[in-house]
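*Asks:* Provided below for reference: sequence and predicted model.
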Amino acid sequence: MPIKIQSELPAYEELISENIFVMTMDRASTQNIRPIRIAILNLMPTKIETETQLLRLLGNSPLQVDIELMQVASHVHKNTPQEHLTNFYKTFSELKNEYFDGMIITGAPVEKLPFEEVDYWEELCDIMEWSKTHVFSTLHICWGAQAGLYYHYGIPKYEFDEKLSGVYKHKVTEVFHPLMRGFDDRFLIPHSRYTGVHRSDIRKHKELIILASSTLAGAAIIASRDFRRVFILGHAEYDRNTLANEYFRDLKRGLRPEIPYNYFPADDTSALPPITWRSNATLFYTNWLNNVYQETPYKLEDIKNIPVGIYE
């Protein structure tokens with residue numbers, strides 16, 4: 001599925017070099033099809049890096065994906081050039097009258113704060129409420145998943161004694177779910193977080209299904225039975241060196257982090273980490289896109305007529 005992005009976006013040249021199918025706006029305008037519309041609410045401070053990671057995974061199916069990058073207006077973005085935000089991002093106020101097949105809400109490095117103390121929490125709540133009537137399926141990642149579970153279901157997060165960092169083995173618990181099509185029984189996903197949710201809290205909500213879980217990392221992929229909300233507690237989109245960069249950053253800050261679990265060969269931090277999760281990540285995002293494509297009404301504005309939380 002080629003992703004339609006501006007050729008000036010920093011991710012464009014990198015994705016082209018990796019033979020990811022990207023399409024310029026000019027070429028896309030000549031195609032007579034209805035593309036899938038995906039909004040990405042990017043809450044990460046490393047926005048350009050996160051854009052590239054997500055676009056890489058969204059560009060691997062046979063149809064056209066139109067991308068809108070969204071930022072919160074109630075937060076000062078210190079790590080991304082303002083020119084980049086001005087050129088490529090829109091705010092919620094600019095997009096709130098539009099409809100999307102899918103939306104991705106990324107993680108954010110604010111896990112230790114109570115949700116209500118995050119400076120853009122109120123705006124994020126407005127966006128998640130808006131998604132009920134303007135987005136068919138919303139994919140929440142890491143802290144974004146914890147925020148979504150808290151907002152929609154009142155499920156709390158819990159702080160760990162130590163940061164959960166590494167590449168963890170997971171077991172598929174719902175083998176016939178559309179999001180798990182083609183998965184092996186065991187697969188790997190990176191995690192990088194200080195907080196998590198409890199399986200027991202998720203199981204109190206009959207409208208939620210745990211699709212994959214880890215002995216060490218806990219519930220990892222969760223979905224509502226109507227597919228309108230998907231939550232992934234890990235970072236399947238991470239690149240080879242993302243965990244390494246975070247580890248060395250924390251070392252420089254004097255935080256004395258643990259070496260990421262199951263990541264560096266023989267825990268040698270000078271060695272090149274192997275990528276052991278990308279095929280799973282690609283499969284997961286392709287499954288999500290394909291199911292969104294099959295289930296979303298052809299007329300996107302009809303999304304507002306689909307009840308949320310109704311399932312068989």
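*Replies:* Yep, that arrived.
*Asks:* any low-confidence regions in this structure?
*Replies:* 1-7, 11-12, 15-16, 18-33, 310-312 (pLDDT under 70).
*Asks:* Tell me which stretches of this protein form strands.
*Replies:* Taking DSSP state E, the strands of the chain run over residues 3-4, 22-23, 36-41, 65-71, 89-91, 100-105, 135-141, 158-172, 186-196, 208-214, 218-224, 229-232.
*Asks:* okay if I get those strands as CSV plus distance to V292?
*Replies:* Placement of C-beta: from N, CA and C, glycine included. CSV is the format used below for the strands of the chain (distance: least, C-beta to C-beta, whole Å):
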stretch, distance to V292
strand 3-4, 14
strand 22-23, 18
strand 36-41, 6
strand 65-71, 10
strand 89-91, 21
strand 100-105, 5
strand 135-141, 5
strand 158-172, 20
strand 186-196, 20
strand 208-214, 16
strand 218-224, 12
strand 229-232, 10
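*Asks:* Need those in a markdown table (columns: distance to N291 and mean neighbour count).
*Replies:* Output for those, formatted as a markdown table (distance: least, C-beta to C-beta, whole Å; neighbours: other C-beta atoms under 10 Å):
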| stretch | distance to N291 | mean neighbour count |
| --- | --- | --- |
| strand 3-4 | 18 | 24 |
| strand 22-23 | 22 | 22 |
| strand 36-41 | 11 | 24 |
| strand 65-71 | 14 | 22 |
| strand 89-91 | 26 | 16 |
| strand 100-105 | 9 | 24 |
| strand 135-141 | 7 | 26 |
| strand 158-172 | 16 | 16 |
| strand 186-196 | 18 | 21 |
| strand 208-214 | 12 | 21 |
| strand 218-224 | 10 | 24 |
| strand 229-232 | 9 | 27 |
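*Asks:* W277 is nearest to which of the ones you listed?
*Replies:* Closest approach to W277 among these (C-beta to C-beta): strand 186-196, 4.4 Å.
*Asks:* quick one: the closest one to chain centroid distance?
*Replies:* 13 Å (C-alpha atoms, centre = their mean, to the nearest Å).
*Asks:* Which secondary structure elements does it sit against?
*Replies:* helix 143-153, strand 158-172, strand 218-224, helix 242-252, helix 278-295 (3 or more C-beta pairs under 8 Å, 6 or more residues apart in numbering; DSSP states H and E).
*Asks:* quick one: the residue most central in space within the chain from R256, how far?
*Replies:* Against the mean C-alpha coordinate of the chain, by C-alpha atoms, centre = their mean, the closest residue is I141 at 3.8 Å. Distance, I141 to R256, by C-beta to C-beta, to the nearest Å: 27 Å.
*Asks:* Quick check, E246 in contact with S165.
*Replies:* Yes: between E246 and S165 there is a contact under C-beta atoms under 8 Å: 7.1 Å.
*Asks:* any residues in contact with both of these two?
*Replies:* S192 (C-beta atoms under 8 Å, 6 or more residues apart in numbering).
*Asks:* Any chance of the helices and strands packed on strand 186-196 in TSV with distance to F231 as columns?
*Replies:* Converted to TSV, those look like this (distance: least, C-beta to C-beta, whole Å):
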stretch	distance to F231
helix 143-153	4
strand 158-172	14
strand 218-224	4
helix 242-252	20
helix 278-295	12
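*Asks:* Go through the ones you listed and name the closest to G59.
*Replies:* G59 lies closest, by C-beta to C-beta, to one member of the helices and strands packed on strand 186-196: helix 278-295, at 9.4 Å.
*Asks:* How far away from the center of its chain is that closest one?
*Replies:* Centre to centre, stretch against its chain (C-alpha atoms, centre = their mean), the figure for helix 278-295 is 12 Å.
*Asks:* Stretch 274-288 too?
*Replies:* 12 Å.
*Asks:* Can you tell me what sits against that stretch?
*Replies:* With contact meaning C-beta under 8 Å, 6+ apart, stretch 274-288 is reached by 1, 57-58, 60-61, 102, 137, 139, 167, 178-183, 187-190, 221, 230, 232, 236-240, 265.
*Asks:* Fine by me, thanks again.
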